[in-house]
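1. Here is a sequence together with a model predicted from it:
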Amino acid sequence: MIRDLELAFVKIHILYHAEKEEVFGIGLMEELGSHGYEIGPGTLYPTLAKLEKGSFLNCKTRTVDHKQRKYYRITPKGRELLDKMREKIEELYQEVIKQK
Ligand SMILES: [Zn+2]
């Protein structure tokens, strides 16, 4: 159960960071790790692929240090979703945190 809930938060982190800048797998794993989410490639890459498939993220492959790396940015559809989630997070925060 905790995994399901965490995965939803992870997706919001991904959308948020992909809105601010280009993101890639290892960078995201580090960022998420700093928030206490232990997300390995086996979870992260399928999640990124799902977000890309749903047109929430755009993917570009570039070669860095002779390695192919996939970079992701948010799409207009992803931004719409993120804005909706921002409202939900605010509402949730007001209730779950403020009215504890
Ligand atoms: Zn984050």
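-> Looks like it came in fine. Numbering: from 1, shown residues only.

2. show me the contacts for L51.
-> L51 makes contact with 11, 14-15, 57, 72, 78, according to Cβ atoms under 8 Å, 6 or more residues apart in numbering. C-beta: built from backbone N, CA, C; applies to glycine.

3. meant to ask about M29
-> Going by Cβ under 8 Å, 6+ apart, M29 touches 39-41, 44.

4. Could you work out the most separated pair of those?
-> Within the contacts of M29, I39 and P41 form the most distant pair, 8.4 Å apart (Cβ to Cβ).

5. what's the average pLDDT for the longest helix along the chain?
-> Criterion DSSP state H: the longest helix present in the chain is helix 2-20. Averaged across helix 2-20, pLDDT comes to 95.

6. re the thing from before, between the contacts of L51, which is nearest E95?
-> K11 (21.0 Å).

7. List the buried residues in stretch 12-23.
-> Burial within stretch 12-23, assessed by neighbour count using 16 or more other Cβ atoms under 10 Å, is assigned to 13-15, 17-18, 23.

8. Export those to CSV and append columns for distance to L92.
-> CSV is the format used below for the buried residues of stretch 12-23 (distance: Cβ to Cβ, whole Å):
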residue, distance to L92
H13, 15
I14, 18
L15, 16
H17, 20
A18, 22
V23, 24
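
9. which residues sit in contact with the most centrally placed residue in the chain?
-> Nearest to the mean C-alpha position of the chain, counting by Cα atoms, centre = their mean, stands I14 at 1.5 Å. I14 makes contacts with 23, 28, 47-48, 51, 57, 72, as judged by Cβ under 8 Å, 6+ apart.

10. Go through the residues you listed and name the one nearest E90.
-> L51 (22.0 Å).

11. Which of the three states applies to that closest one?
-> Three-state assignment for L51 (DSSP: H, G, I helix; E, B strand; the rest coil): helix.

12. What's the separation between it and G36?
-> To G36, L51 is 21 Å away according to Cβ to Cβ, to the nearest Å.

13. And for L15?
-> L15 sits 19 Å away from G36, going by Cβ to Cβ.

14. who touches F56 in this structure?
-> Contact partners of F56, counting by Cβ under 8 Å, 6+ apart, are 15, 74-75, 77-78, 81.

15. Thank you kindly, that will do.
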